[in-house]
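**Q** Turn this into a model:
(chains A, B, C, D, E and F)
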There are 4 protein chains.
Amino acid sequence: MTGQERKPVGRPRSARADEAIIDAVLELLATGNTADALSMEAVAATAGVGKATIYRRWPNKEALIVDAVISMKGPVPAVRGRSVRDDLVALLTRVGLHTDGRATRIIACLLPELQRNAAMHGCYQAIIEPRREVMREVLRRGVGTGELRADLDIELALALLSGPMITQNVLRWNPKLAAGGLAERVVDAVLQGIACRTGPAEASS
Amino acid sequence: MTGQERKPVGRPRSARADEAIIDAVLELLATGNTADALSMEAVAATAGVGKATIYRRWPNKEALIVDAVISMKGPVPAVRGRSVRDDLVALLTRVGLHTDGRATRIIACLLPELQRNAAMHGCYQAIIEPRREVMREVLRRGVGTGELRADLDIELALALLSGPMITQNVLRWNPKLAAGGLAERVVDAVLQGIACRTGPAEASS
Amino acid sequence: MTGQERKPVGRPRSARADEAIIDAVLELLATGNTADALSMEAVAATAGVGKATIYRRWPNKEALIVDAVISMKGPVPAVRGRSVRDDLVALLTRVGLHTDGRATRIIACLLPELQRNAAMHGCYQAIIEPRREVMREVLRRGVGTGELRADLDIELALALLSGPMITQNVLRWNPKLAAGGLAERVVDAVLQGIACRTGPAEASS
Amino acid sequence: MTGQERKPVGRPRSARADEAIIDAVLELLATGNTADALSMEAVAATAGVGKATIYRRWPNKEALIVDAVISMKGPVPAVRGRSVRDDLVALLTRVGLHTDGRATRIIACLLPELQRNAAMHGCYQAIIEPRREVMREVLRRGVGTGELRADLDIELALALLSGPMITQNVLRWNPKLAAGGLAERVVDAVLQGIACRTGPAEASS
DNA sequence: CGTTAATCGAGACGGTACGTCCTGTCTTCGG
DNA sequence: CCGAAGACAGGACGTACCGTCTCGATTAACG
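**A** Coordinates of the predicted model:
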């Protein structure tokens, strides 16, 4: 009565083909320039696979790229929970998904596509949002423990912390900012603020 | 007296064609989805111009897009110089180049190329860097007047301020953050910090 | 057992496309004015075929036209062998490849290329030369049977017979010469000569 | 009252430009492959002339080519009038307009255009027809003197004589036929016929 | 001797076609 | 039924000419 899943008949799909295709996509994304510069024919040739084998699994180029990117996601980072500052530094340090440079390069070339292309939101949901949720958790805990202001806008804080890291680490925005230790400096600055504590504070009110 | 430039011979290039082409590119960029989804043939057709007329002016699609985007740049915003906070709010409010929505939409679809594509760096140089320089100036002035900490890392502060605005205003990162008044909130939070002033010890008691 | 030919892999080429393309070329050649007035895009559109499908089969326009023309060739005409005169008349009558008027029109617009264009010599080899060989055979037989002079230069005779027919029937040289029955009159005149039999001395008396 | 010709005002047209253009056309026709392979831009560049200067004189490419070809025509050959045979040989020897090889090469690449292209008939009228008329004259004289049959069809005879020469000398039809002395052999064969005088003549009746 | 007006070279203009490449679908084999 | 191989219709690429058009600069004859 269930009968919803047809028993597969004939030759089963090759797992090796799946891997080869995803690998080829990631390789070409890392090598190439843009997302649309990636051609399905190149993917098929690199993977040693027929084009139909790709289209049997993914409906179009976008869906394939989304899946390829999602396949890169590592485990959601855990935090030690000792202090809010340490946890935030730990999380921001891993904004570039892996230590793997290839992943960073790939995500960089897809970030803006993320907004235009509805299909790409799959990437966002699968990879980025979970990590943001962990950070929200840490921030809420900080408010609870009194490490952070009681009236803190969690989403604003999220933007303050992740914004600089994304523009800097992923988009490589400012070459003058050394990448090393950036997470620490950002966290500290956001925690303490940049205004002068002792000086003419009234000027900024 | 300089006489270095060759006197132009033959029929001069039509200024109307220039305009029509740039207009067509901007229109199609705003309408379309991606930068490479823009086709030169569509540009020619929309502009009512032969393809050769485009290729006579720009060597390829990228160069054309770069020039079209640069053509959108308004004047570099001036600051009133009353207080650092006011100036920063004013600058960040205009991160989305114009109030013009089209420009924002276009720049959003081009940000990916900006990093990957060497040719696109022309946009960066022409549009973004001048605005960043204005902000550096304001920050340096703030250090001088004592409104900002004496040991402030200017580039870091730049990243703290512009990072959230870019990810939020241009990439439309977080739908939960209302765009209105964001600049003000970001500036205030970065100036004051998000940590609890009274210290964690008190908070935990 | 020869096994020299590689077994074909992948989807085989469509025979319908071949036909449609050749048909389109012949139609456009008959309709149009010149060989180069024929545009590949028109061929593709008329045949309902992508341009790539044409270029997959022929490297360029010339090769395509050559094959299209060759495809028109009917069977090499047979001769009855009763008398040399009858056979020659029969052969010359069919100089315009078919009774088909289209073929004649097409071949007429291609004769120029035939000499200049090395690629076009394929047409010559495939169509014209076999027919000339049949005529040579008839002439040699005539020498054997004594119907033709023993010292006859076969190639010269070939030129005497085919030359007028080509210039007249194919190039439409002289509107004053009725095309009907021309083959007969040419053969008779070439066989008998146009000089006065009784000699110039008598004629002048 | 006549006033048909407006007195020319302004700068008169340059005769040097005319020459240079015609020269360039002939040169490119002789060098190139086909009539349409000749590009107006190449003509202008070769002649060192602006394109407008060409189009001011000729309405299109065809008209220009026609005039260029006509400009090659030498004087209509005169005949000595001694014997019909000698005159015919003399005329046929000069079928290739000049001894100039370039002219022959050019006319060869234009001959078939002659039929398709209405505009090209100007060439025919200006160059070929006068020569044919001379030959008709000779043939009529031969009939009068009794050198040729009294019932000779002049147009047929014209075809018999010029046909082989055109196909052979201009279209380079048959490489086995030595070009040298061909005119003589053709004339003799056409005068005497190729049938056996003494043999089974009845076979050809 | 200056005005006038057509011509000159140069080359940009809107188009059309070229031959190449890629997309997403299809059609054949052999496994 | 899946797999590779590759053909299919369609469409964009960047180039080359077409025949027309605009430039500033010549170059004569007219006034």
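**Q** Going by C-alpha atoms from here, please, whenever you check contacts or count neighbours.
**A** Will do.
**Q** residue ranges for the helices of chain A, please.
**A** Here chain A has its helices, by DSSP state H, at A:15-31, A:40-47, A:51-57, A:61-70, A:84-93, A:101-110, A:113-116, A:121-123, A:129-145, A:154-165, A:182-192.
**Q** and of those helices, who's closest to DNA strand F?
**A** Closest to DNA strand F of the helices of chain A, according to C-alpha to the nearest atom of the strand: helix A:51-57, at 4.7 Å.
**Q** Check whether the closest one comes near chain C.
**A** No. Figure legend: helix A:51-57 not in contact with chain C (C-alpha under 8 Å from any C-alpha of the partner chain); closest approach 11.8 Å.
**Q** what packs against that helix?
**A** Helix A:51-57 sits against helix A:40-47, with contacts defined as 3 or more C-alpha pairs under 8 Å, 6 or more residues apart in numbering or on different chains; DSSP states H and E.
**Q** mind listing what residue A:161 touches?
**A** For residue A:161, the contacting residues are A:92, A:186, A:187, A:190, B:160, B:164, by C-alpha atoms under 8 Å, 6 or more residues apart in numbering or on different chains.
**Q** Go through these and name the one nearest residue A:51.
**A** Of all the contacts of residue A:161, residue A:92 has the smallest distance to residue A:51: 39.5 Å, by C-alpha to C-alpha.
**Q** Number of residues surrounding that closest one?
**A** Residue A:92 is flanked by 22 other residues according to other C-alpha atoms under 10 Å in any protein chain shown.
**Q** Nearest residue to it in space, please, no chain neighbours.
**A** Excluding its sequence neighbours, the residue lying closest to residue A:92 (C-alpha to C-alpha, 6 or more residues apart in numbering or on different chains) is residue A:183, at 5.6 Å.
**Q** ok, now residue A:168?
**A** Nearest to residue A:168 is residue A:174, by C-alpha to C-alpha, 6+ apart, at 6.3 Å.
**Q** Am I right that that neighbour is in contact with residue A:165?
**A** No. Contact criterion C-alpha atoms under 8 Å: residue A:174 and residue A:165 do not qualify, at 11.0 Å.
**Q** Compare those two (neighbour count), which wins?
**A** Between residue A:174 and residue A:165, residue A:165 has the larger neighbour count (other C-alpha under 10 Å), namely 28 against 15.
**Q** hang on, the earlier thing: so which of the helices of chain A is the most surrounded?
**A** helix A:154-165 (a mean of 23; mean count of other C-alpha atoms under 10 Å in any protein chain shown).
**Q** how far is that helix from where the chain is centred?
**A** 14 Å (C-alpha atoms, centre = their mean, to the nearest Å).
**Q** That helix versus helix B:182-192: what angle between them?
**A** Helix A:154-165 runs at 80 degrees relative to helix B:182-192, counting by axes from the mean of the first three to the mean of the last three C-alpha atoms, to 10 degrees.
**Q** For helix A:154-165, the averaged confidence score.
**A** The pLDDT scores in helix A:154-165 average 93.
**Q** same question, stretch A:31-42
**A** Across stretch A:31-42, the average pLDDT comes to 80.
**Q** what's the span of it, first residue to last?
**A** With C-alpha to C-alpha, to the nearest Å as the measure, stretch A:31-42 spans 12 Å from end to end.
**Q** Could you pull up the residues touching residue A:47?
**A** Here residue A:47 is in contact with A:17, A:20, A:21, A:23, A:24 (criterion: C-alpha under 8 Å, 6+ apart).
**Q** Mind putting those residues into CSV with distance to DNA strand E and pLDDT?
**A** Converted to CSV, those look like this (distance: C-alpha to the nearest atom of the strand, whole Å; pLDDT from 0 to 100):
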residue, distance to DNA strand E, pLDDT
A:17, 13, 91
A:20, 17, 94
A:21, 14, 95
A:23, 16, 93
A:24, 13, 93
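**Q** neighbouring contacts of stretch A:70-89?
**A** By C-alpha under 8 Å, 6+ apart, the residues outside stretch A:70-89 that reach it are A:90-91, A:97-98, A:103, A:123, A:126-127, A:130-131, A:135, A:138-139, A:141-142, A:147, A:183-184, A:187-188.
**Q** The closest residue to residue A:144 other than its chain neighbours: neighbouring residues, count only.
**A** Nearest residue to residue A:144, sequence neighbours excluded (C-alpha to C-alpha, 6+ apart): residue A:150, at 7.7 Å. Using other C-alpha under 10 Å, residue A:150 has 16 other residues around it.
**Q** does residue A:150 really touch residue A:143, like I thought?
**A** Yes. Between residue A:150 and residue A:143 there is a contact at 5.5 Å, judged by C-alpha under 8 Å.
**Q** What is the end-to-end distance of stretch A:43-52?
**A** 12 Å.
**Q** Check the helices of chain A for me: which has the lowest mean pLDDT.
**A** helix A:113-116 (a mean of 64).
**Q** list the contacts for the residue nearest to residue A:92?
**A** Residue A:183 touches A:89, A:92, A:93, A:165, counting by C-alpha under 8 Å, 6+ apart.
**Q** contacting residues for the residue nearest to residue A:144?
**A** Contact analysis of residue A:150 by C-alpha under 8 Å, 6+ apart lists A:143, A:144, B:196.
**Q** Pipe those into CSV and attach distance to DNA strand E per row.
**A** CSV is the format used below for these (distance: C-alpha to the nearest atom of the strand, whole Å):
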residue, distance to DNA strand E
A:143, 48
A:144, 50
B:196, 52
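**Q** so which of the helices of chain A comes closest to residue D:37?
**A** Residue D:37 sits nearest to helix A:40-47 of all the helices of chain A, at 36.6 Å, using C-alpha to C-alpha.
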